[in-house]
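Peer 1: this one's structure only:
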């Protein structure tokens, strides 16, 4: 009753302020729950804004992104290991040695930079540049500090997905990776961001999103909202093709879960028309 009264009686701007204040109060054990519940109506009305707020303030699902929970090979989620295994095999089958013939990578939605660190130490260890951007300033700060102590060359930048052109200029990367990020954007916004990511990709665009459990994502005529958290299930295949890229590898596992994650991976390369 209290949360409903607060949502009804207070404007959303004020409730955002309260939620942001709660985010900084570690002594409040239920702060993540309260922050999300204060803005539950926003989740329905504007899911982009709702998820963006939670990530920016390191709330709700963002709280699991901490140094001791993410860094180290033993902490790598099985679905991400599967993605990297697929990437390694794909590169090798296409005549690319990932350890010597990939020069740069950009991870969009990098959080602490733990995936970049894994790639730096293992799969893409010969690359000269590892860059990441994330809206979660807390995660970026923590990641920078930790990676600096490890003498890592990973560079992390705080910023929204839409700020990639501002933060990185016209730089292109051999690999642009975006995993578990576009699910928090509606179809129109996700398609615009896909085009922007493609514009920064020199060789390989690597994507991971939610799998439609009923039929293959590439057969979807429109994006769908997932009921439990109002995130989005997209057809990346069509978005990639609209951006002038060609899908070269895909994995769709339907309702099969890997440690709680559904599997929908794509690797795409610039199409012939785009190259011209």
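Peer 2: Thanks, I have it. Here the structure is a predicted model, which is why all the values come from computation and not from measurement.

Peer 1: span of stretch 93-113 from start to end?
Peer 2: 27 Å (C-alpha to C-alpha, to the nearest Å).

Peer 1: which parts of the stretch 1-150 of the chain are helices?
Peer 2: Using DSSP state H, counting those that start in this stretch, the helices of the stretch 1-150 of the chain run over 2-9, 12-23, 31-38, 40-45, 47-56, 67-70, 78-93, 114-121, 137-149.

Peer 1: okay, those in CSV with mean pLDDT next?
Peer 2: Output for these, formatted as CSV (pLDDT from 0 to 100):
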stretch, mean pLDDT
helix 2-9, 70
helix 12-23, 84
helix 31-38, 81
helix 40-45, 85
helix 47-56, 91
helix 67-70, 96
helix 78-93, 97
helix 114-121, 98
helix 137-149, 97
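
Peer 1: for residue 253, which of these is the nearest?
Peer 2: Closest approach to residue 253 among the helices of the stretch 1-150 of the chain is made by helix 78-93 (9.4 Å; C-beta to C-beta). The C-beta positions use only the backbone N, C-alpha and C, and glycine is treated the same way.

Peer 1: pull out the buried positions in that closest one.
Peer 2: 79, 80, 82, 83, 84, 86, 87, 88, 90, 91 (16 or more other C-beta atoms under 10 Å).

Peer 1: quick revisit: deepest-packed of the helices of the stretch 1-150 of the chain, please.
Peer 2: Most buried of the helices of the stretch 1-150 of the chain, by mean neighbour count (mean count of other C-beta atoms under 10 Å): helix 114-121, with a mean of 22.

Peer 1: contacting residues for the residue nearest the centre of the chain?
Peer 2: For the chain, the residue nearest the mean C-alpha position is residue 181 (2.9 Å; C-alpha atoms, centre = their mean). Listed by C-beta atoms under 8 Å, 6 or more residues apart in numbering, the contact set of residue 181 reads 108, 109, 161.

Peer 1: what is the neighbour count of the first one?
Peer 2: Residue 108 has 24 neighbouring residues, counting by other C-beta atoms under 10 Å.
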